[in-house]
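>>> Dropping the sequence and predicted coords here.
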Amino acid sequence: MSSSSSATHLVLIPSYDTGRQLAETIAAARAQWNPVWVVIDGSTDGTAEVAQRMAAVDTGLRVLVLPHNQGKGAAVLHGLRAAQQAGYTHALTMDADGQHPAALIGDFMQASIARPDAMILGHPVFDASAPLLRVRGRRVSNWWTNLETLGAGVADSLYGFRVYPVAALAAVMARQPWMRRFDFDTEAVVRLAWRGVKPINRDAPVKYLSADEGGVSHFRYVRDNVLLTWMHTRLMVEFLLRLPGLIARRLRGRPPFQD
């Protein structure tokens, strides 16, 4: 069913009430990779049962179900811990809503296999379906992220189509209570860069599906931007404390500032 199989790299898909799009995303991911794991984050729309039925006839698919909604970051962390226990070293995260390009899973995985010390970050290529407000708004977060990492090279702070080193990300998340909701994607790259994980960027298209196409969005402009503002405030305070060490690391060309 899938074109590539791995004992070290898996696809991890967190999902909350994504409707019919989840089954399509799972099928697209499975066509590209084995294994694919799905974390159902307390969904109440019947998608847990749909995913479990798919897993019952597909040994390359595993479904983990959380009892109640905890947020994207919490769902990813749950999957990371299970992946560690199973011996996996890297996880490609992708959204369940059809925005991310399953066709590029293999390319991103190969980039990670070539550089297992790095995080492989999708750099979104938008089409006409992208809401202008969100395209412009992410520039603010990208600017702050570039400052907080002292120009480590994160091209986009919000695009969740990425390959992470599992142990490093799980360790970062275990040390603090944040990164459990919409703040996950941005804070993950900042803290991993602080840890010395080099970002490697690769272009990847993003598509915003309409409601007629099965698109589902849980983004709330005010709520989630307040969350991002609080996140960057926290990160800036910590950045100032880390600044002397980051400057020294950059001057010496040490990770994440190495070639």
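Arrived safely. Residues are numbered from 1 along each chain as shown.
>>> just checking, what packs against the worst-scoring helix or strand of the chain on mean pLDDT?
In the chain, the helix or strand scored least confidently by mean pLDDT, DSSP states H and E is helix 132-148, which has a mean of 85. Using 3 or more C-beta pairs under 8 Å, 6 or more residues apart in numbering; DSSP states H and E, the elements in contact with helix 132-148 are helix 184-195, helix 221-251. For glycine as for every other residue, the C-beta is placed from the backbone atoms N, C-alpha and C.
>>> Indicate which one of the ones you listed is closest to Ala118.
Among the helices and strands packed on helix 132-148, helix 184-195 comes nearest to Ala118, with 9.5 Å by C-beta to C-beta.
>>> Give me the number of neighbouring residues for the closest residue to Ala103 other than its chain neighbours.
Distance criterion C-beta to C-beta, 6 or more residues apart in numbering; nearest residue to Ala103, sequence neighbours excluded, is Gln32 at 6.7 Å. Neighbour count for Gln32, taken as other C-beta atoms under 10 Å: 22.
>>> I figured Gln32 was touching Ser6, is that so?
No: with contacts defined as C-beta atoms under 8 Å, Gln32 does not count as touching Ser6, sitting 11.4 Å away.
>>> export the helix or strand hosting Ala170 as PDB, just CAs?
Using DSSP states H and E, Ala170 sits within helix 166-174. Output of helix 166-174 as PDB, limited to C-alpha atoms (Å, rounded to 0.1, in the frame of the first residue of the first chain):
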ATOM      1  CA  VAL A 166      11.800  12.500  18.500                       C
ATOM      2  CA  ALA A 167      14.000  12.400  21.600                       C
ATOM      3  CA  ALA A 168      15.000  16.100  21.400                       C
ATOM      4  CA  LEU A 169      11.400  17.300  21.000                       C
ATOM      5  CA  ALA A 170      10.000  15.100  23.700                       C
ATOM      6  CA  ALA A 171      12.800  16.300  26.100                       C
ATOM      7  CA  VAL A 172      12.100  19.900  25.300                       C
ATOM      8  CA  MET A 173       8.400  19.500  25.900                       C
ATOM      9  CA  ALA A 174       8.800  17.600  29.100                       C
END
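>>> next one: it to chain centre, how far?
13 Å (C-alpha atoms, centre = their mean, to the nearest Å).
>>> pLDDT averaged over that helix - what is it?
The average pLDDT for helix 166-174 rounds to 97.
>>> and what of stretch 31-49?
97.
>>> Same question for stretch 82-92.
Mean pLDDT, stretch 82-92: 98.
>>> in it, what counts as buried?
Ala82, Ala83, Tyr88, Thr89, His90, Ala91, Leu92 (16 or more other C-beta atoms under 10 Å).
>>> Now do the phi/psi pair for the most centrally placed residue in the chain.
Centroid check for the chain by C-alpha atoms, centre = their mean gives Gly160 as the closest residue, at 3.6 Å. Backbone torsions for Gly160, taken as degrees, to the nearest 10, come to phi -90, psi 10.
>>> Flag every buried residue along stretch 235-246.
For stretch 235-246, the neighbour count (16+ other C-beta under 10 Å) marks Leu235, Phe239, Leu246 as buried.
>>> what sits against the nearest residue to the last one once chain neighbours are set aside?
Translated: Leu246. What sits nearest to Leu246 in space, not counting adjacent residues and going by C-beta to C-beta, 6+ apart, is Leu150, at 4.7 Å. Leu150 sits next to Leu243, Leu246, Ile247, Arg250, Phe257 when contact means C-beta atoms under 8 Å, 6 or more residues apart in numbering.
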